[in-house]
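> Just the structure for this:
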Amino acid sequence: QVQLVESGGGLVQAGGSLRLSCAASGRTFSMYGMGWFRQTPGKEREFVAAISWSGGSTYYADSVKGRFTISRDNYKNTVYLQMSSLKPEDTAVYLCAAVPSRRWSAGMAGSSYDYWGQGTQVTVSS
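Numbering: from 1, shown residues only. You can find the predicted model right below:
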């Protein structure tokens, strides 16, 4: 079992930056592949980025490639999403998700993840 808590969201102007954090409970965080997704009202949940258990493999949605960076610190049981050059269309609730590493693969759908946090709101003003 893994419990996930996101933080770091807020209001930022277009072109600005934010760093989201996702803190995981449990001693086996390093055994999980992680993903970031985002959700806006009336739209399907959208994949943003994913990272393997070691951090050696990362994967990004085309819409954020070159602007967002996913990373993790297995000693701190935390995964991060550094967001730069933010655009109003990045406004959403951002959620992190976890799945045992043996089932993780880059770009896998949200439905394949087992554990989810509650999300943190990111609002980008124009």
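
> Any stretches of the protein with poor pLDDT?
27 (pLDDT under 70).

> so A98 makes contact with M108?
No - with contact defined as Cβ atoms under 8 Å, A98 does not count as touching M108 (11.9 Å). Using the backbone N, CA and C atoms, a C-beta is placed for each residue, glycine as well.

> quick one: which of the two has more around it?
A98 (25 against 17; other Cβ atoms under 10 Å).

> Look through the protein and report the residue furthest from the middle.
Centroid-distance maximum for the chain: S126 at 22.9 Å, with Cα atoms, centre = their mean.

> wait, doesn't that one sit right on G16?
No - here S126 does not reach G16: they are 11.5 Å apart, not a contact under Cβ under 8 Å.

> Can you show me the strands along this protein?
Remark: strands assigned in the chain by DSSP state E are 4-7, 10-13, 18-24, 32-39, 46-51, 58-60, 68-73, 78-83, 92-100, 115-116, 120-125.

> so of these, which one's packed in deepest?
Mean neighbour count (mean count of other Cβ atoms under 10 Å) peaks for strand 32-39 among these, with a mean of 25.

> contacting residues around that one?
Strand 32-39 is contacted by residues 2, 20, 22, 24, 45-53, 70, 72, 79, 81, 90, 92-101, 103-105, 108, 110, 113, 115, 119, 122 when judged by Cβ atoms under 8 Å, 6 or more residues apart in numbering.

> Give me the sheet partners of that strand and which way each runs.
The strands beside strand 32-39 in its sheet (DSSP bridges) come out as strand 46-51 (antiparallel), strand 92-100 (antiparallel).

> and the angle for the longest one with strand 120-125?
In terms of direction (axes from the mean of the first three to the mean of the last three Cα atoms, to 10 degrees), strand 92-100 departs from strand 120-125 by 140 degrees.

> If I take strand 92-100 and strand 18-24, what angle do their directions form?
40 degrees.

> Can you tell me the centre-most residue of the chain?
By Cα atoms, centre = their mean, the chain has its centre lying nearest to W36, at 2.2 Å.

> for it, which residues make a bridge with it?
Beta-bridge partners of W36, as defined by DSSP bridges: A49, C96.

> For S126, see how far away it is.
23 Å (Cβ to Cβ, to the nearest Å).
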